[in-house]
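Visitor: Below: sequence and its predicted model.
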Amino acid sequence: QVQLVESGGGSVQAGGSLRLSCAASAYTYCMAWFRQAPGKEREGVAHINSDGSTRYADSVKDRFTISKDNAKNTLYLQMNSLKPEDTAMYYCAADNKLCRWVAYEYGYWGQGTQVTVSS
């Protein structure tokens, strides 16, 4: 069983930045960030495979950067130029299969960290 603990959420004004972290208790091949706004489905934000390959949702491309410290089994999401529509609960997910965008295929989830962007 892999445990994931997110941190770094908070409230920021539009145009601001936040950095999310996700500490994993063990290695996994794929780690990802998802988010869920009230009344909306959970959506993939970015993911990173152990080979370093990354993918981003179109809505966050060029604003968000996903990275991973393999020595610490810690995942990061640097979020710049934040918009009100980025407001959501952000979840860290992990699995030992190739990263994909389907949330229910991830076996491990963190408890989430809230990001609120005001205009």
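Guide: Thanks, I have it. Numbers count the residues shown, from 1 in each chain.

Visitor: Quick check: the gap between the spatially most central residue of the chain and residue 119.
Guide: In the chain, the residue lying closest to the centroid (CA atoms, centre = their mean) is residue 33, at 2.2 Å. From residue 33 across to residue 119, the span is 23 Å (CB to CB, to the nearest Å). Where C-beta positions appear, they are placed from N, C-alpha and C, glycine not excepted.

Visitor: Remind me which helix or strand the residue nearest to the centre of the chain belongs to.
Guide: Here residue 33, judged by DSSP states H and E, is contained in strand 30-36.

Visitor: That strand pairs with which strands, and in what direction?
Guide: strand 43-49 (antiparallel), strand 88-95 (antiparallel) (DSSP bridges).

Visitor: what's the most buried one of the ones you listed?
Guide: strand 88-95 (a mean of 23; mean count of other CB atoms under 10 Å).

Visitor: just checking, what packs against whichever helix or strand comes after it?
Guide: Moving toward the C-terminus from strand 88-95, the next helix or strand (DSSP H and E) is strand 108-109. Applying 3 or more CB pairs under 8 Å, 6 or more residues apart in numbering; DSSP states H and E, one finds that strand 108-109 contacts strand 88-95.

Visitor: Show me the contact partners of the strand it packs on.
Guide: Contacts with strand 88-95, where a contact means CB atoms under 8 Å, 6 or more residues apart in numbering, come from 2, 4, 6, 9, 20, 22, 24, 28-37, 40, 42, 45, 75, 77, 103, 105-110, 112-115.
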